[in-house]
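In: what's the 3D shape of this:
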Amino acid sequence: MIAAVVETARLRLRVPDPSDRPALHAMWADPRVMADLGPVKDMAASDETLARHDSFRHERLGFWVVERRADGAVIGFCGLKRGNPGSPIEGVLEIGWMLAVPYWGQGFAKEAAAASIDWAWENLAEDRIVAITAARNAKSRTLMERLGMTRVADGDFDHPSFAVGDPLRRTVLYEIVRPV
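Out: Modelled structure (predicted):
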């Protein structure tokens with residue numbers, strides 16, 4: 001078994017290994033999962049995503065596999081990374097998450113994200129963590145608020161990864177600041 005970076009009552013968050021590739025690809029290839037995140041991914045794009053997150057490992061960052069402890073099922077991808085180059089959050093610590101459809105509505109995303117935030121406060125020196133999503137992504141915005149994040153005044157922007165006219169282009173920015 002691969003060592004976990006973070007464990008919760010129901011979840012294990014750990015660095016992906018090659019055996020996770022099929023479950024992650026299936027999630028990224030599901031139009032329901034990607035509806036508010038971007039285009040579905042083929043296997044090559046899935047591998048690029050994994051490689052991009054591996055590029056953050058030298059800082060102990062990069063999203064982790066979300067594994068259900070009860071049965072070892074790979075249910076999602078969650079964690080922390082640096083904001084993308086060319087975006088208004090370039091270099092800022094960013095949290096994100098996604099779960100495969102069968103695991104929606106069970107509190108797993110909140111559990112994984114909250115554990116990731118707690119891990120950041122314990123292990124990193126950042127003063128804040130941000131999260132972004134398409135303005136239309138009500139579920140993620142609600143979760144951001146449930147995590148204690150607040151929408152950044154004047155923080156909305158047009159995401160450079162999406163073309164003009166793409167409904168995912170308009171992006172909202174939320175943040176949580178380090179507790180005192």
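In: and the most centrally placed residue in the chain, helix, strand or coil?
Out: Against the mean C-alpha coordinate of the chain, by CA atoms, centre = their mean, the closest residue is G96 at 2.0 Å. The local conformation at G96, judged by DSSP: H, G, I helix; E, B strand; the rest coil, is strand.
In: Pull the contacting residues for it.
Out: Neighbouring residues of G96 by CB atoms under 8 Å, 6 or more residues apart in numbering: 63, 78-79, 81, 131. C-beta: built from backbone N, CA, C; applies to glycine.
In: wait, which of those residues is closest to M144?
Out: Checking those against M144 with CB to CB, the nearest one is A131 at 5.2 Å.
In: In a strand, that closest one, correct?
Out: Yes - A131 forms part of a strand when assessed by three-state DSSP.
In: what mean pLDDT does stretch 66-81 have?
Out: In this model, stretch 66-81 carries a mean pLDDT of 97.
In: which residues sit against it?
Out: With contact meaning CB under 8 Å, 6+ apart, stretch 66-81 is reached by 4, 7, 9-14, 16, 20, 23-24, 27, 53, 56, 61-65, 93-100, 102-103, 108-109, 112-113, 116, 119-120, 124, 129.
In: what sits against E90?
Out: By CB under 8 Å, 6+ apart, E90 lies in contact with 82-84.
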